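Engineer: this is a predicted model, with the sequence first.
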Amino acid sequence: MRNFIKKYERYVFIILSVILMLYITVEIVELIYQFFSSIFKMDEGNGRLIVSTSLLKDFLPIFFNILIAIELIDTFLIYMQKHSIKVLNILLIGLIAIGRKLIAFDFNDLSGLSNIGLAALIIALAGGYYLIKKDEYKERECEDKFKD
């Protein structure tokens, strides 16, 4: 039974990875399309030469979607190789997702309490990332001392 579960887990991993790779491919095509269509329609009323503000609102979320998908594939690979999930990768995915939302977000529509909640989420993710990274750095430092 355990062997069956391992094989099943591997097939699920392969299917999810293929879907994510196809998603990344579609998003890259979308990114290229958004970029070049924005350059060719040139909006002169925004005070920018080539890259308009609307392009950034269309372009950057797609870019961050690609980064999130790549990090998810990396997380899958680590899980399949070591059978453990790196919390650092999950926090990084969360930070990228929040960054993506912040760029495409209109803060005028939110209440003050929603802004505080969003700020608390960013602080929590960044603080967790910092603490884990700091711990990893200390571990490497201790290992280097024992090697010498």
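Structural biologist: In hand now; what should we look at?
Engineer: centre-most residue in the protein?
Structural biologist: With the centre of the chain defined as its mean C-alpha position, the nearest residue by C-alpha atoms, centre = their mean is Ile68, 2.9 Å away.
Engineer: and for Tyr33, the neighbour number?
Structural biologist: 12 (other C-beta atoms under 10 Å). In this view, the C-beta of every residue, glycine as well, is placed from N, C-alpha and C.
Engineer: the strand or helix carrying it: which residues count as buried?
Structural biologist: Counting by DSSP states H and E, the element that carries Tyr33 is helix 2-41. Neighbour counts over helix 2-41 (16 or more other C-beta atoms under 10 Å) mark 20, 23-24, 27, 31, 34-35, 38 as buried.
Engineer: how many neighbours does Gly128 have?
Structural biologist: Neighbours around Gly128, by other C-beta under 10 Å: 16.
Engineer: and it, what pLDDT?
Structural biologist: At Gly128, the model reports a pLDDT of 90.
Engineer: how near is the closest residue to it other than its chain neighbours to Ala97?
Structural biologist: Nearest residue to Gly128 in three dimensions, chain neighbours excluded: Leu91, at 5.2 Å (C-beta to C-beta, 6 or more residues apart in numbering). To Ala97, Leu91 is 11 Å away according to C-beta to C-beta, to the nearest Å.
Engineer: comparing those two, which residue is more hemmed in?
Structural biologist: Using other C-beta under 10 Å, the more surrounded residue of Leu91 and Ala97 is Leu91, with 20 against 16.
Engineer: against which helices or strands is the one helix or strand that one maps to packed?
Structural biologist: Secondary structure assignment for Leu91, by DSSP H and E: helix 87-103. Applying 3 or more C-beta pairs under 8 Å, 6 or more residues apart in numbering; DSSP states H and E, one finds that helix 87-103 contacts helix 53-82, helix 112-147.
Engineer: single out the most deeply packed of those.
Structural biologist: helix 53-82 (a mean of 16; mean count of other C-beta atoms under 10 Å).
Engineer: report the angle between the axes of it and helix 87-103?
Structural biologist: 170 degrees (axes from the mean of the first three to the mean of the last three C-alpha atoms, to 10 degrees).
Engineer: and helix 53-82, average pLDDT?
Structural biologist: Across helix 53-82, the per-residue pLDDT values average to 83.
Engineer: chain center to that helix, what's the gap?
Structural biologist: Per C-alpha atoms, centre = their mean, to the nearest Å, the displacement of helix 53-82 from the mean C-alpha position of its chain is 4 Å.
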